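Asks: Just need the structure, nothing else, for what follows:
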Amino acid sequence: MIAFRPAETRGHNNFGWLDTWHTFSFGEYLDPAHTQFRSLRVINEDWVQPDQGFGTHGHKEMEILTWVLEGALDHEDSMGHRLTLRPGSAQAMSAGTGIRHSEFNGSSTQVVHLLQIWLLPGVPGLPPRYQETAFPDPELQNRLRLIASPDGAEGSVVIHQDARIHVARLEPGKAVGHAFAPGRHGYVQVAKGALALNGTAMKAGDGAALSGEPEATLVASAASEVLLFDLA
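Replies: Have a look, this model is predicted:
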């Protein structure tokens, strides 16, 4: 079964400095029909205006992955990390027993476009942890590149959950496929462009939850960027 989530049906808030769309219930957006999918709790698509950002705030007991699509995002946290995240770099934070951080668009001219992803941790009470890894464009081009996993396979960042997250940047007409082991589930989020999932058209911002499907086949109809989650 595939349950499609059209982009325009997501929750939406525009605070001026931040334009944000929520796949699952988040903040002021409460939707009992869309609270989470398996361990996947949050997919927020954010546009942060120049010289704006998220002030210092705290999290506990959540695995947080940030994937920048356009622009650059400055990060600072209570563990002493200070760096700038750019497209092609995956940032993973295990909030665990508690972490404080801020994210800021340091550009005075360019909007930052990003996806913030939260997964429920497989084990509670872990110490906070931070990791950032850059993936060169050729590794993402026309293939599904593993960017996050519980065991750091293939140089991916580590998340404390039985989930594997892949990214592909597809040229028009290119296709990629992923087979799900029995009992596994999937989620597809189209970040840019347009493609077909198992023959059904999807556009930027669309998502789809897959259960009982043996595989996902993605065929791009335009230059696209897509995330694929393999979930327990």
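Asks: Just give me the residue closest to the centre of this structure.
Replies: Taking Cα atoms, centre = their mean, the centroid of the chain lies closest to residue 117, which sits 4.3 Å from it.
Asks: wait, what's in contact with the closest residue to that residue other than its chain neighbours?
Replies: Leaving aside its sequence neighbours, residue 117 sits nearest to residue 65 (Cβ to Cβ, 6 or more residues apart in numbering; 4.3 Å). C-beta coordinates here come from the backbone N, C-alpha and C atoms, glycine included. Residue 65 makes contact with 90-93, 116-119, 148, 157, 159, 165, according to Cβ atoms under 8 Å, 6 or more residues apart in numbering.
Asks: hmm, back to that, isn't the residue nearest to the centre of the chain right up against residue 66?
Replies: Yes - counting by Cβ atoms under 8 Å, residue 66 is a contact partner of residue 117 at 7.4 Å.
Asks: Would you mind measuring from the residue in the chain sticking out farthest from the centre to residue 51?
Replies: Note on the chain: the largest C-alpha distance from the chain mean falls to residue 108, namely 25.1 Å (Cα atoms, centre = their mean). Per Cβ to Cβ, to the nearest Å, residue 108 is found 6 Å from residue 51.
Asks: and the host helix or strand of residue 42, what does it pack onto?
Replies: Using DSSP states H and E, residue 42 maps to strand 40-48. Here strand 40-48 touches strand 18-22, strand 112-119, strand 185-192, going by 3 or more Cβ pairs under 8 Å, 6 or more residues apart in numbering; DSSP states H and E.
Asks: and with 6 Å instead?
Replies: strand 18-22, strand 112-119 (3 or more Cβ pairs under 6 Å, 6 or more residues apart in numbering; DSSP states H and E).
Asks: Nothing else from me, thank you.
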